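**Student:** got a sequence here, can you model it:
(one chain, ligands or ions: 1)
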Amino acid sequence: MLHSTLHRKDGGDLFMEQVSLAEIAQQYGTPVFVYSEAAIRSAYESFDAALSMHPHEICYAVKANSNLSILQLLAGMGAGFDIVSGGELMRVLRAGGNPSRVVFSGVGKQDWEIDLALEHDIGCFNVESASELERIARVAEVTGHTAPVSIRVNPDVDPRTHPYIATGLKENKFGVSIDEAFDLYKKAAVTPSLRIVGVDCHIGSQITDLTPFLDALARVLDLVDRLAARSIEIDHIDLGGGIGVQYKDETPIDVAEFASAVGQAMSGRPQSLVFEPGRMIVANAGILLTRVNTLKTNEGKNFAVVDAAMNDLIRPALYSAWQEVVNVADTGAQERTWDIVGPVCETGDFLAKDRTLAIEEDDLVAVLSAGAYGFVMSSNYNSRPRAAEILVSGENHRVIRQRESIEDLFALEPIRE
Ligand code: LLP
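**Tutor:** Numbers count the residues shown, from 1 in each chain. Below is the predicted model of the structure:
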C-alpha cells in the first residue's frame, strides 16, 4: 500500500499501525483525517539520515499540515520550520518549535508579521522582492533589530509539475531573477539593519525528477560564486521543498540519490543546506476517512455520495489531483465503477472519478495520501463544520483537532437580538 503503516489485518479490515479504522470512525465519527505518527517519523528520519553527509537543516513546510500536534512531533525530532505567515509562526511557537530555526517565505509579508518574526529572532527571512527587502530593512531599523535575510532567486527551471504548483519559472510571481538577486545582495550588504545569511529557491511542488533540483542548485551556486568575488559571503543554501510523493503510479525521487547528488554538487563548499519539505513528510502519513451516504445511478453513471466533500479535501477539484480510494472493510458487495462525490452543490465536488470499488451504503472508504494539503485547505463551504483530526501511534489514538460544531460556525458572526 502507498502508506507504509496502513495494512489489512489478516487480509480483511484496514488498520493504521495497530488501530482499526472502523473503530476510529465509530469513536470519532466521519469525515475524519487520521494520521500515523510512525509514518511521519519515518519520512522525516529517512530524509534526515540521507542528508547526514552534509551540514543541513530540515525546515518542515508548515503549510502542508499545520496541526499543533504534528508540529510538536516534528519539533521534538529536531525539525526547523518554513512558515509563510504570522499565524504559522504563532503555531510553531505554540508547538514548542525553535524560532531560530524558522525560515519565513512568502511574497506578501506584512509589517506586523515582519515585526513578530524579528521579535522572536527567527532564523531567516526569505525575501522575494526589492520592495520587501526595503520593507524588512525599515521595520528592523525602527524596532532596533538586525534582520537575517536570504534572497529567493527564481532560477527559471521547469519542474514539470502541475502549472498551479510550479513556482520556479520566470513568469511566476515568486522570487527574483539571478541578476536582480545579485543587485539586492549588494544593497543588503551595505544596509546596517540587514544581515545576509543565505540564498534560497523553491521551484515547485510534487516534483518527481531530480534534474530540475540540480539545475536550480547549479544556478544558485553560480550566484554564490559571483557574490563571493564581491566579498559577500553566504552561510546557507536553501533549496526549498517540492520533493514529490507517490499518489498513483509516480516514481518519487529516491531520497538517498537526491542527497548524494546534492552533496556532490556541494562538495568542498562551506555552506550548509536548508530544505523545506512539506508533502514528502506528511502526505502518505494521512488519510481521509469517510462514510458512503447514498448510492445513485444517473444515465448509467454510478455515484457514491460520501460524507466528505470538496470543502474537506479540495485537491481533486482544484488540481484534478488523483488520490487513491480504498474500502475499509470487505463487505462482499459487487465491484462497480464509481465517482466518489460529496454532498456540496457543485459539479466540481468530487474526491475521485471512475474507481472500481465494491461498496454499499454505510460502508467506510479511505481517501489515501491526504496528510498534506488536506485539512489545511479545508473550508466551511455549504456551512459544513470541518472534520476532526486524529493521531494514531502504535495501538493508541487521540484527537488532535476536534470536529467543529454548528455552533462553532456561528461563533464569530454576531447578530442583533
Ligand atoms: N517552500 C515554499 C516556499 C513553498 O511555497 C512550498 C509549497 C514548500 C516549501 C513545500 O513544498 P512541498 O515540499 O510540500 O512540495 N496545495 C498544493 C501544493 C502547494 C505548494 C505550495 N508551496 C497541493 O495540494 O498540491
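
**Student:** around the ligand, pick out the residues from the stretch 201-350 of the chain.
**Tutor:** Within reach of the ligand by Cβ under 6 Å from any ligand atom, the stretch 201-350 of the chain has these residues: 202, 205-206, 240-243, 276-280, 315, 319. For the C-beta atoms, the positions are set from N, CA and C on the backbone; glycine is no exception.

**Student:** how about those in CSV, adding secondary structure, pLDDT and neighbour count?
**Tutor:** Below are those laid out as CSV (DSSP: H, G, I helix; E, B strand; the rest coil; pLDDT from 0 to 100; neighbours: other Cβ atoms under 10 Å):
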residue, secondary structure, pLDDT, neighbour count
His202, coil, 96, 26
Ser205, coil, 96, 25
Gln206, coil, 97, 24
Gly240, coil, 98, 30
Gly241, coil, 98, 25
Gly242, coil, 97, 30
Ile243, strand, 98, 24
Glu276, coil, 98, 27
Pro277, coil, 98, 24
Gly278, coil, 98, 24
Arg279, helix, 98, 26
Met280, helix, 98, 26
Arg315, helix, 98, 20
Tyr319, helix, 95, 16
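
**Student:** can you add distance to Ser383 and give those residues back as TSV?
**Tutor:** What follows is those, written out as TSV (distance: Cβ to Cβ, whole Å):
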residue	distance to Ser383
His202	35
Ser205	30
Gln206	31
Gly240	37
Gly241	34
Gly242	35
Ile243	37
Glu276	35
Pro277	35
Gly278	29
Arg279	30
Met280	34
Arg315	22
Tyr319	25
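
**Student:** now, which of those sits nearest Ala372?
**Tutor:** Of all those, Ala372 sits closest to Arg279, with 4.2 Å by Cβ to Cβ.

**Student:** pull up the gap between that closest one and Gly97, please.
**Tutor:** According to Cβ to Cβ, to the nearest Å, Arg279 and Gly97 sit 19 Å apart.

**Student:** next: Gly11.
**Tutor:** Distance, Gly11 to Gly97, by Cβ to Cβ: 41 Å.

**Student:** so which of those two has more stuff around it?
**Tutor:** Counted by other Cβ atoms under 10 Å, Gly11 and Gly97 do not tie: Gly97 has more neighbours, with 24 against 7.

**Student:** need the contact list for that one.
**Tutor:** By Cβ atoms under 8 Å, 6 or more residues apart in numbering, the contact list for Gly97 reads 71, 74-75, 79-81.

**Student:** could you rerun that using 7 Å?
**Tutor:** Counting by Cβ atoms under 7 Å, 6 or more residues apart in numbering, Gly97 makes contact with 71, 75, 81.

**Student:** specify the local secondary structure of the residue of the stretch 301-417 of the chain found nearest the ligand.
**Tutor:** Residue nearest to the ligand within the stretch 301-417 of the chain: Tyr373 (3.1 Å; Cβ to the nearest ligand atom). Here Tyr373 is coil, with the state taken from DSSP: H, G, I helix; E, B strand; the rest coil.

**Student:** also Ala181?
**Tutor:** Secondary structure, three-state DSSP: Ala181 is helix.

**Student:** next one: it from Ala61, what distance?
**Tutor:** Between Ala181 and Ala61 the distance, using Cβ to Cβ, works out to 22 Å.

**Student:** what average pLDDT does stretch 364-371 get?
**Tutor:** Mean pLDDT, stretch 364-371: 98.

**Student:** quickly find the element holding Asn126.
**Tutor:** Per DSSP states H and E, Asn126 falls inside strand 124-127.

**Student:** next one: Thr356
**Tutor:** Using DSSP H and E, Thr356 falls in strand 350-357.

**Student:** helices and strands around that strand, which ones?
**Tutor:** When contacts are defined as 3 or more Cβ pairs under 7 Å, 6 or more residues apart in numbering; DSSP states H and E, strand 350-357 packs onto helix 315-319, strand 325-327, strand 336-341.

**Student:** and of the ones you listed, who's closest to Asp307?
**Tutor:** Judged by Cβ to Cβ, the one of the helices and strands packed on strand 350-357 that comes nearest to Asp307 is strand 336-341, at 11.1 Å.

**Student:** burial count for the residue in the stretch 1-150 of the chain that the ligand sits nearest to?
**Tutor:** Of all residues in the stretch 1-150 of the chain, the one sitting closest to the ligand is Ala61 (3.5 Å; Cβ to the nearest ligand atom). Ala61: 28 surrounding residues under other Cβ under 10 Å.

**Student:** could we number from 73 for the rest of this?
**Tutor:** All right, first residue 73 from here; so that's Ala133.

**Student:** that one contacts Gly313, correct?
**Tutor:** Yes - in this structure Ala133 lies within contact range of Gly313 using Cβ atoms under 7 Å: 4.9 Å.

**Student:** between the two, which contacts overlap?
**Tutor:** Shared contacts of Ala133 and Gly313, defined by Cβ under 7 Å, 6+ apart, are found at 348-350.

**Student:** outline the domain layout of the chain.
**Tutor:** Here the domain parsing of the chain from automatic domain parsing is 78-108+355-482, 177-349.

**Student:** closest one to Pro127 among these?
**Tutor:** Comparison of these against Pro127 by Cβ to Cβ identifies domain 177-349 as nearest, at 4.0 Å.
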